[in-house]
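Peer 1: A predicted structure for the sequence below; I have some questions about it.
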Amino acid sequence: MITSEQLQQHADWRRDGSGKRIEVIGANLCDANLCDAILWGASLRGAIGNMREIKSAQFDQWAVTWSADVLAIGCQQHAIEEWRNADPRWIEAMDNGASDWWSRYGALVLQLIDASPATGVVLEVEA
C-alpha cells in the first residue's frame, strides 16, 4: 500500500530530486486512497488498482492497468491516446505475440477504459 510518506517522497522527487520515485510495479492498491495524489512518472506495471484512481484487469499473460490518462499493458506504459492510435508495427515491436494479443484484446481494453474510466490521479509517461 502507498503511504503518505511515500507520496511525500515522490512529490519531493518530482520537485527537486531529493525524494524517491514511487514504484508501484506489482503493488496491490486495493485499499489505497489516492485522492489528490500526483503520481507523475510512477510506473503502473502489474499493479492491482484500487478501482477508483487506478484500475486493473488481466487478459491472458499481461496485466492491464490504467489511470485517467495512462495505460500499462505488461511492461509497456504509454498514454491511452497512443494506444488508441497504435500502429500495428509499434505493437509488434513491443514483444513476441504482442500483435496477436492486441488484435484479440485491444478493442476490448479500450472499451473497458471508456466504460469504466479511472478518476482523480493524473499520471504522465516519462519521456
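Peer 2: Cool, the structure landed. Just so we're clear, the structure is a prediction, and the values are computed from it rather than from any experiment.

Peer 1: what ranges do the helices span in this structure?
Peer 2: 4-16, 80-84, 88-92, 98-115 (DSSP state H).

Peer 1: starting at the chain centroid, how far to the second one?
Peer 2: Averaging C-alpha coordinates over helix 80-84 and over its chain gives two centres that are 12 Å apart (C-alpha atoms, centre = their mean, to the nearest Å).

Peer 1: what does that helix contact?
Peer 2: Residues outside helix 80-84 that contact it (C-beta atoms under 8 Å, 6 or more residues apart in numbering) are 66, 69-71, 73, 106, 109-110, 113. Using the backbone N, CA and C atoms, a C-beta is placed for each residue, glycine as well.

Peer 1: Show me the two of these that sit farthest apart.
Peer 2: Spanning the widest gap among the contacts of helix 80-84 are Asp69 and Gly106, at 17.6 Å by C-beta to C-beta.

Peer 1: neighbour count winner among these two?
Peer 2: Using other C-beta atoms under 10 Å, the more surrounded residue of Asp69 and Gly106 is Gly106, with 19 against 15.

Peer 1: Would you mind confirming that the more buried one is in contact with Ala86?
Peer 2: Yes: here Gly106 reaches Ala86: they are 7.5 Å apart, a contact under C-beta atoms under 8 Å.
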